[in-house]
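Peer 1: no sequence for this one, just the structure:
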């Protein structure tokens, strides 16, 4: 494991390039949900990009930012990854979250966000 010197930067949206090999799909409804989350909490999860601006992870956030008319978003540029590593990270970023479970009791005691569109 390597310790990286991660820097969060603000990039213009027009500098970002959607991935042409993204295996994840985003419906208009899901993008609207992400946009609602951004409006409620702010853009708190940076998009992962290569030095070339191609999106590695965060295409849904990118589309939501476009929908909201944002000009800049926070990004983390990962210049050390090979093309194969970029693709593997894109899959891992999505799949690992799907592998997690939910604590139903905690969900019941903290309340539901369903009424807020999130």
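Peer 2: All right, it came through fine. From a predicted model like this one, the values you see are computed outputs, not experimental measurements. Numbers count the residues shown, from 1 in each chain.
Peer 1: okay, CA-based contacts and neighbour counts for the rest of this
Peer 2: Will do.
Peer 1: state the distance from the nearest residue to residue 44 once chain neighbours are set aside to residue 5.
Peer 2: Distance criterion C-alpha to C-alpha, 6 or more residues apart in numbering; nearest residue to residue 44, sequence neighbours excluded, is residue 38 at 7.6 Å. Using C-alpha to C-alpha, to the nearest Å, residue 38 is found at 26 Å from residue 5.
Peer 1: which one's more surrounded, those two?
Peer 2: Neighbour count, other C-alpha atoms under 10 Å: between residue 38 and residue 5, residue 38 has more, with 17 against 5.
Peer 1: and the gap between the more buried one and residue 10?
Peer 2: Per C-alpha to C-alpha, residue 38 is found 16 Å from residue 10.
Peer 1: the residue nearest to residue 44 in helix, strand or coil?
Peer 2: When classified by DSSP: H, G, I helix; E, B strand; the rest coil, residue 38 comes out as helix.
Peer 1: A helix includes residue 87, no?
Peer 2: Yes: assigned with three-state DSSP, residue 87 falls within a helix.
Peer 1: give me every residue that touches it.
Peer 2: Residues in contact with residue 87 (C-alpha atoms under 8 Å, 6 or more residues apart in numbering) are 21, 56.
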